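Visitor: Below are the sequence and a predicted model for it; my questions follow.
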Amino acid sequence: MFTQPGDGAQGRYDANVQHLYQAHTGVGPGGAVPCQVCGSLPAVHAVLRAHQGMFLIMRSRKREGFFCRSCGTSLQRQMTTDTLWQGWWGVMSFFITPVTVLLNLGPRARFRRLAEPYGGWRPPLDPGRRVLARPPALLILTPMTVLALVLGYGITAAALDDGSVASVRAGDCVRNLSTWPDQDLQPVDCASHLAEYRAARLEDCEGDEYLMRLEYAADAEALCLKLLGSG
């Protein structure tokens, strides 16, 4: 008697009886629990959450029940979108908001595994656009994405930089890790076999030495680099 609606009068009759049965009892054929929003089957139990930060206070919302694919997806997208633009405005809310968004991914996955809803006493909710395609979400996620990229670049650059800055004074020895005219100078002991050049003041230079970039000078003093062994 309780069959998925099909073509013809018998299908319409079965559907009408199913609508009345589910509307009055809250139970579908075989004891299956229908969607609490539209009465369709199949439906799955889920808990959907939203969070709102209001600087000094905050509020969390929860909607729990059985939802079909369309109604569940619609509610999940709406509550997640609300959270994305309302949830950041507080110290604790700044940390609660991403957790809330992640928790909604579980119900989202369960809704996607459901078949198309049928047999409800009212049309299912329209899922609408994906969360990331909605203006409120884009308004918040775009600057956050830019900020994350900037922070990621800064962290990566800091990790790759060993923190050493050449501080060269007259009389110090260096070696160039790059190829001239580029300079990547590293101070070394003058007795080391790695030493290539000795820094000297400009008045002690003869004109055929390399001029050292000021960024390597300890006292912002213009120095030249004399090749060791050249006199």
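Guide: Okay, I see it. Residues are numbered from 1 along each chain as shown.

Visitor: where does residue 186 land in three-state SS?
Guide: Secondary structure, DSSP: H, G, I helix; E, B strand; the rest coil: residue 186 is strand.

Visitor: for residue 95, same thing?
Guide: helix.

Visitor: How many residues are close by it?
Guide: By the criterion of other CB atoms under 10 Å, residue 95 has 10 neighbours. Where you see a C-beta, it was placed from the backbone N, CA and C, and this is true even at glycine.

Visitor: Break this protein down into its domains, please.
Guide: Following automatic domain parsing, the chain resolves into domains at 9-141, 173-227.

Visitor: Let me see the mean pLDDT of the first one.
Guide: Just to be clear, that refers to domain 9-141. Taken as a whole, domain 9-141 has a mean pLDDT of 85.

Visitor: Including distance to residue 151, could the domains of the chain go into a markdown table?
Guide: Converted to a markdown table, the domains of the chain look like this (distance: least, CB to CB, whole Å):
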| stretch | distance to residue 151 |
| --- | --- |
| domain 9-141 | 15 |
| domain 173-227 | 26 |
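
Visitor: Return the backbone torsion pair for residue 109.
Guide: According to degrees, to the nearest 10, the main-chain angles of residue 109 amount to phi -70, psi -40.

Visitor: if we can go back for a sec, so of the domains of the chain, which one's packed in deepest?
Guide: Stretch with highest mean neighbour count among the domains of the chain: domain 9-141 (a mean of 17; mean count of other CB atoms under 10 Å).

Visitor: And the most centrally placed residue in the chain, how close does it get to residue 153?
Guide: Nearest to the mean C-alpha position of the chain, by CA atoms, centre = their mean, lies residue 145 at 6.5 Å. According to CB to CB, to the nearest Å, residue 145 stands 13 Å off from residue 153.
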